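> I'll drop the sequence and a predicted model, then ask my questions.
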Amino acid sequence: MEMKLTRDNIKAFILNLFVAGSDSSALAIEWGLAELINHPRVMKKAIEEIDRVIGKTRILEESDIPQLPYLQAIVKETLRLHPAAPIIPRTSTEDCTVGGYHIPSKTTVFVNVWALGRDPEYWDDPLEFRPERFDGSQVDVRGQHFQLLPFGSGRRMCPGMSLGMQLAQVTLGSMIQCFEWKAGEDGNLGRVDMEEGPGITLPRANPLVCVPVARLHSVIPSSI
Ligand code: HEM
């Protein structure tokens, strides 16, 4: 079937990519940094990995990510606890039974991705931020392991998954490689609050306020 795209179709499509891709990626990075600030042990281990693999004379790049498994695990763990889209809708195309419930055709059902990521049946100490849980684990975010669905699953799953993961890993990784992050306006708070705000996406209730202190002086100009 031939389908002609109009100018409006193309504009709507590009707008869709910006709307779907910006907030979600930004939220993953913001929640990830907040978790790292509150977990100095994890932050230290992540920085050690980056310093060991990349050194201190250049900034982390996309091609370094395969050599940074702990950073990858940090982003997965962040998306487990803070999925940018906490609830995803589906409409049943035919009558079916799910978990003993009869679902008539054309019913909208909501998949609670947030609750799946915190389900004690699938996760040990589910509320703990512990990236090590992914060491040697096959569980990934690609929509095949239903306890971890930050990008959804099936035909309508996120088409920007690879870009979103790369963005979150490279941005978070270079942020902690280049700067030490101190909580609070004056950098004198021990931790940041983790309260969630309302929304279709999962924002923080309060903005993440922290102070960056340069740590890679050989690559960052001293004026920053
Ligand atoms: C960490 C970053 C991201 C997260 C957590 C995320 C998450 C999601 C989720 C949960 C869905 C719904 C999937 C479903 O219903 O099964 C979705 C849909 C979508 N995402 Fe992402 N996303 C991210 C980044 C991106 C990026 C970077 C782009 C594009 C540049 C993008 C474009 C889209 C589009 C166009 C849809 C709608 C797909 C459809 O309805 O067929 N996303 N995303």
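Yes, it's here.
> going forward, measure contacts between C-alpha atoms and count neighbours the same way
OK.
> Could you report the separation of D23 from the ligand?
Counting by CA to the nearest ligand atom, to the nearest Å, the gap from D23 to the ligand is 8 Å.
> give me the element that residue is part of.
Assigning secondary structure by DSSP states H and E places D23 in helix 7-38.
> Which strands or helices does the helix or strand following that helix pack on?
Sequence order places helix 40-54 as the next helix or strand after helix 7-38, per DSSP H and E. If you count contacts as 3 or more CA pairs under 8 Å, 6 or more residues apart in numbering; DSSP states H and E, helix 40-54 packs onto helix 7-38, helix 69-81, helix 161-178.
> what's H102 sitting at in phi/psi?
Torsion angles at H102 (phi, psi; degrees, to the nearest 10) stand at phi -80, psi 130.
> Surely it is in contact with V109?
No: using CA atoms under 8 Å, H102 is not in contact with V109; the gap is 11.6 Å.
> These two: who's more crowded?
Between H102 and V109, counted using other CA atoms under 10 Å, the more crowded position is V109 (13 against 10).
> Determine whether any part of whatever helix or strand the more buried one lives in lies close to the ligand.
Per DSSP H and E, V109 falls inside strand 108-112. No: if you take CA under 6 Å from any ligand atom as the test, strand 108-112 misses the ligand, and the best it gets is 9.0 Å.
> neighbouring strands for that strand, and are they parallel or not?
Next to strand 108-112 in the sheet, as set by DSSP bridges, lie strand 87-91 (antiparallel).
> Quickly note the distance from S162 to F151.
Here S162 is placed at a distance of 10 Å from F151 (CA to CA, to the nearest Å).
> swap in G99?
For G99, the distance to F151 - CA to CA - is 22 Å.
> So these two - more neighbours on which side?
F151 (26 against 5).
> For E180, what are phi and psi?
As for E180, its main-chain torsions (degrees, to the nearest 10) stand at phi -90, psi 140.
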